[in-house]
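Participant: sequence and predicted model, in that order:
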Amino acid sequence: MKPIEPHSADVKRPLRVSIVAFPECDPSIMYGIFDTLWIAGANWKSSSNEPTSEVMFAPRLVAAEPGPLRLITGVTIMPQETIDDIEETDYVLVPNVLVDTPETIRALDRRLLNWIVEMHRRGARLLAACGGSIVLAEAGLLEGQSATTHWMYAPLFRSQFPNVELKEERILVQAGAGHSIVCAGGASSWQDLTLFLIARHAGTAEAIRISKIFLYQWHRDGQLPYASMIANADHGDAVVKKCQEYAPLHYQSADIVAELLRLSGLPKRSFDRRFRKATGYSPLEYVQWLRVEEAKQMLEMEDGPIEEIALEVGYSDLASFRRLFRKLAGLTPGEYRRRFRLPANVEAALQAVAPAARA
């Protein structure tokens, strides 16, 4: 792959990156982004707090009002500027916001939403980390566009923003005219977002240098390996809920989908329609997700052969199980086990501590 070279127009002055501080933000992502961009392109002398080479970015924490801002985690931060102080910026970066209902989305500060829209109108590019894409969607900036967000937000996002094409399996999604909007997926994918920004303006070599300094890794496999099944159970459909209660106890059955249909007492077409409306999955998809979720837990906690795990969750054909697992988890069963088992040194340390803890 040809290395990305920095754009000559971008290295004349530090790029202004306005990191928007909502009360619903959690501080770890805000400060992680700030610190990463603060050091990009420069080597610093700690004795004088002076850079020994060119600084690439000028990150700033921006709030709606001056003064301390208490975040949803209980941490109080001191933003450096307010939206009234900034008439233009190169980038607006929206960190994660912790919202879980339509009401909490509607409660987001409209002053900040309107300011983001105005900055974009004036030419600022937009970046959103994790739940930050919900902010952009609520501001109307993703209508008819593609986006990603944390996989746990996917059901809420889809219900509230049906005109946005959500790709929750992706880590980075570019949208808007000239790819002026970039959304990153869940949690630590802000690292991918900042490395992308650094590569865009400082070149591949600098992005690699920063990744080594902070021990960042690209999430090359997307979000699927980290995602868990999220099935709505608060939908008010008693028939579907009865099937949802039955399925986890009998998902190994070869005829489980037919059993659910009989249990519902509905015609197949009506059952399929009601089940998808209530849960977001077809009956077959629901059973497949249940089986793969159980297989994930077994791979994380047990040492048994993959063939035995496949049989235990309902698949006699190992090849079919492997294909389905890779489709839903983004990795083969063996790759998943290697990634999510505790490292051997950690397991050994925990075993050494256990006798002392019992004593």
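Facilitator: The structure has been received and is ready for your questions. Quick caveat, the model's predicted, so the values are computed rather than measured.
Participant: and P79, what does it touch?
Facilitator: P79 is in contact with 21, 61-63, 66, 69, counting by C-beta atoms under 8 Å, 6 or more residues apart in numbering. Backbone N, C-alpha and C define where each C-beta goes, glycine included.
Participant: just the buried members of those?
Facilitator: Using 16 or more other C-beta atoms under 10 Å as the burial test, the contacts of P79 include 21, 61-63, 69 as buried.
Participant: excluding residues flanking it in the chain, which one is nearest the most centrally placed residue in the chain?
Facilitator: Centroid-nearest residue in the chain: G186, 1.3 Å away (criterion: C-alpha atoms, centre = their mean). Nearest non-adjacent residue to G186, counting by C-beta to C-beta, 6 or more residues apart in numbering: H150, 3.3 Å away.
Participant: so that neighbour sits right up against G131, yeah?
Facilitator: Yes - H150 lies in contact with G131 (C-beta atoms under 8 Å); the separation is 5.9 Å.
Participant: still on that earlier bit, how about the contacts made by the residue nearest to the centre of the chain?
Facilitator: For G186, the contact set (C-beta under 8 Å, 6+ apart) comprises 130, 149-153, 223, 226.
Participant: of the residues you listed, closest to P343?
Facilitator: Y226 (17.3 Å; C-beta to C-beta).
Participant: tell me the domain boundaries of this structure?
Facilitator: Here the domain assignment for the chain is 8-226, 238-340, based on automatic domain parsing.
Participant: would you mind finding the most buried of the ones you listed?
Facilitator: Of these, the one with the most neighbours on average (mean count of other C-beta atoms under 10 Å) is domain 8-226, at a mean of 18.
Participant: on the three-state scheme, R337 is what?
Facilitator: What DSSP: H, G, I helix; E, B strand; the rest coil gives for R337 is helix.
Participant: I should have written L61 there, sorry.
Facilitator: Looking at L61 with three-state DSSP, the answer is strand.
Participant: likewise the one 4 residues further on?
Facilitator: At E65 the chain is in coil, as set by three-state DSSP.
Participant: and if you look at A207?
Facilitator: A207 ends up helix, using three-state DSSP.
Participant: excluding residues flanking it in the chain, which one is nearest it?
Facilitator: Leaving aside its sequence neighbours, A207 sits nearest to A199 (C-beta to C-beta, 6+ apart; 3.8 Å).
Participant: ok, now Y216?
Facilitator: In space, Y216 is closest to Q191, 4.4 Å off (C-beta to C-beta, 6+ apart).
Participant: list the contacts of that neighbour.
Facilitator: Q191 neighbours (C-beta under 8 Å, 6+ apart): 32, 36, 211, 214, 216-217.
Participant: after the one helix or strand M119 maps to comes which helix or strand?
Facilitator: Element membership of M119 [criterion: DSSP states H and E] is helix 110-121. Note on helix 110-121: by DSSP H and E, the next helix or strand toward the C-terminus is strand 125-129.
Participant: now could you export just the CA positions of that following strand as PDB?
Facilitator: This file holds the C-alpha atoms of strand 125-129, laid out as PDB (Å, rounded to 0.1, in the frame of the first residue of the first chain):
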ATOM      1  CA  ARG A 125     -15.200  18.800   8.700                       C
ATOM      2  CA  LEU A 126     -17.000  16.700  11.300                       C
ATOM      3  CA  LEU A 127     -15.700  13.700  13.300                       C
ATOM      4  CA  ALA A 128     -17.800  11.600  15.600                       C
ATOM      5  CA  ALA A 129     -16.500   8.900  18.000                       C
END
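Participant: I'd like the next helix or strand past it.
Facilitator: helix 132-138.
Participant: ok, the helix or strand just after that next one: who's next to it in the sheet?
Facilitator: As assigned by DSSP H and E, the chain's next helix or strand after helix 132-138 is strand 146-147. Next to strand 146-147 in the sheet, as set by DSSP bridges, lie strand 165-166 (parallel).
Participant: lowest-pLDDT helix or strand in this protein?
Facilitator: strand 50-51 (a mean of 54; mean pLDDT, DSSP states H and E).
Participant: tell me the angle whichever strand or helix holds the residue nearest to A207 makes with strand 125-129.
Facilitator: For A199, the host element (DSSP H and E) is helix 190-202. With axes from the mean of the first three to the mean of the last three C-alpha atoms, to 10 degrees defining the directions, helix 190-202 sits at 160 degrees from strand 125-129.
Participant: what does T76 show for phi and psi?
Facilitator: The phi/psi pair for T76 (degrees, to the nearest 10) reads phi -100, psi 130.
Participant: please name the residues that touch it.
Facilitator: With the criterion set at C-beta under 8 Å, 6+ apart, T76 makes contact with 68-70.
Participant: what would those look like in TSV with distance to F57?
Facilitator: Below are those laid out as TSV (distance: C-beta to C-beta, whole Å):
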residue	distance to F57
P68	25
L69	22
R70	27
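Participant: mark which of those residues are part of strands, please.
Facilitator: 69-70 (DSSP state E).
Participant: now do the shared contacts for H150 and G131.
Facilitator: N96.
Participant: using PDB, list the CA coordinates for stretch 217-233.
Facilitator: The C-alpha trace of stretch 217-233 is given here as PDB (Å, rounded to 0.1, in the frame of the first residue of the first chain):
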ATOM      1  CA  GLN A 217      -4.000  -0.800  17.300                       C
ATOM      2  CA  TRP A 218      -6.300  -0.500  14.400                       C
ATOM      3  CA  HIS A 219      -9.500  -2.500  14.900                       C
ATOM      4  CA  ARG A 220      -9.100  -4.200  11.500                       C
ATOM      5  CA  ASP A 221     -11.800  -6.700  12.000                       C
ATOM      6  CA  GLY A 222     -14.600  -4.100  12.700                       C
ATOM      7  CA  GLN A 223     -17.000  -4.300  15.600                       C
ATOM      8  CA  LEU A 224     -18.500  -7.700  15.000                       C
ATOM      9  CA  PRO A 225     -16.000  -9.600  17.200                       C
ATOM     10  CA  TYR A 226     -17.000  -7.400  20.100                       C
ATOM     11  CA  ALA A 227     -20.800  -7.200  19.500                       C
ATOM     12  CA  SER A 228     -23.300  -9.200  21.500                       C
ATOM     13  CA  MET A 229     -26.900  -9.900  20.700                       C
ATOM     14  CA  ILE A 230     -29.300  -7.100  21.600                       C
ATOM     15  CA  ALA A 231     -32.900  -8.300  21.400                       C
ATOM     16  CA  ASN A 232     -35.800  -6.200  22.400                       C
ATOM     17  CA  ALA A 233     -37.900  -7.900  25.100                       C
END
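Participant: brilliant, that's me finished.
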